[in-house]
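Undergrad: sequence and computational prediction follow.
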Amino acid sequence: MTRLWGTYQLLFALLVALGGSALVYKDTNKVLRELRNVSSSSGNVKQCLWFAMQEYNKYSKDKFLFQVVKVQQVQMQVTDRLEYFIDAEISRTNCRKLPNGNENCVVKNTSKLEKRQMCTFWVGALPWHGYFTVMKKQCVDA
């Protein structure tokens, strides 16, 4: 945790040194750190993927919820935020969309309801402020 906090402090110091701040810096075309692979088990990645799936399910026209089956790859770059590019396989579950949601869903593997997709989610995050946004998503049937 101390190492992670140190990374955030370094990022903030770097942004200030470049003439901006972590909250005000808005030049999203300026990449401060190029894309690099990161672990899918990272806490920030898990938060971003959870958020991306919430958004996916909210805007999907499907009557059932989808969930992640497998994360293929995760890359991150630093601009005015942390930007995660997440490639994941998702699948329809047995849970219908309900107002209160359901976190105990099971993937439909052997029925006519089975549906899998390969998705790339581009998620912008300032996780230390609880800010997440899906900047872009692209899904194709698997």
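TA: Thanks, I have the structure now.

Undergrad: the chain: helices as residue ranges?
TA: Under the criterion DSSP state H, the chain contains helices at 2-17, 43-59.

Undergrad: outside of the last one, which residues touch it?
TA: Okay, so that is helix 43-59. 38-40, 65-68, 71, 74, 82, 84, 86, 88, 90, 97, 119, 121, 123, 125, 127, 132, 134, 137, 139 (Cβ atoms under 8 Å, 6 or more residues apart in numbering). Yep, even glycine has a C-beta here, placed from its N, CA and C like the rest.

Undergrad: give me the most central residue, the protein.
TA: In the chain, the C-alpha nearest the mean C-alpha coordinate belongs to Cys48, at 3.1 Å (Cα atoms, centre = their mean).

Undergrad: quick check, Gln138 in contact with Gln117.
TA: No - assessed by Cβ atoms under 8 Å, Gln138 is found out of contact with Gln117, at 9.9 Å.
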